[in-house]
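Engineer: Predicted structure and sequence below. I'll ask about it afterward.
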Amino acid sequence: MSDYRISLHRDQILLAELSVSQARYVEMARELRERFPREEGFSLHIQRRRELRRILEQGPEGLRLLGIEYRHEEVPEHA
């Protein structure tokens with residue numbers, strides 16, 4: 001499952017950055033666009049976070065997750 005990073009800008013200045021689950025993405029993007037209209041200088045920059053790879057260690061106690069590497073992809077404006 002992927003999640004999203006939404007950056008809210010006003011006149012090219014970063015105001016806030018939100019991490020949003022896939023389940024709430026459509027609702028949250030719609031809400032932000034309504035509350036922060038483009039006509040008033042606001043813009044949203046949206047990236048989808050996808051898992052690139054997992055780093056594992058195998059030891060006497062079994063397998064252990066050491067970390068996860070992610071890739072961020074730009075979401076087109078109309079999405």
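Structural biologist: Perfect, I can see it now.
Engineer: surely L14 meets S7?
Structural biologist: Yes. Using Cβ atoms under 8 Å, L14 is in contact with S7, at 6.0 Å. C-betas here are computed from N, CA, C, even on glycine.
Engineer: More neighbours: which of these two?
Structural biologist: S7 (14 against 10; other Cβ atoms under 10 Å).
Engineer: Return the distance of that one relative to S43.
Structural biologist: S7 sits 9 Å away from S43, going by Cβ to Cβ, to the nearest Å.
Engineer: And the helices in this protein, which stretches?
Structural biologist: 25-35 (DSSP state H).
Engineer: What segments of it are strands?
Structural biologist: With DSSP state E as the criterion, the chain has strands at 3-10, 13-21, 42-59, 62-74.
Engineer: other SSEs contacting the third one?
Structural biologist: With contacts defined as 3 or more Cβ pairs under 8 Å, 6 or more residues apart in numbering; DSSP states H and E, strand 42-59 has these neighbours: strand 3-10, helix 25-35, strand 62-74.
Engineer: Pairing partners for it, with directions?
Structural biologist: For strand 42-59, the paired strands and their directions (DSSP bridges) are strand 3-10 (antiparallel), strand 62-74 (antiparallel).
Engineer: which of those sits most buried?
Structural biologist: strand 3-10 (a mean of 16; mean count of other Cβ atoms under 10 Å).
Engineer: CSV for the strands paired with strand 42-59, including mean pLDDT and distance to I55?
Structural biologist: As requested, the strands paired with strand 42-59 are arranged in CSV below (pLDDT from 0 to 100; distance: least, Cβ to Cβ, whole Å):
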stretch, mean pLDDT, distance to I55
strand 3-10, 95, 19
strand 62-74, 92, 4
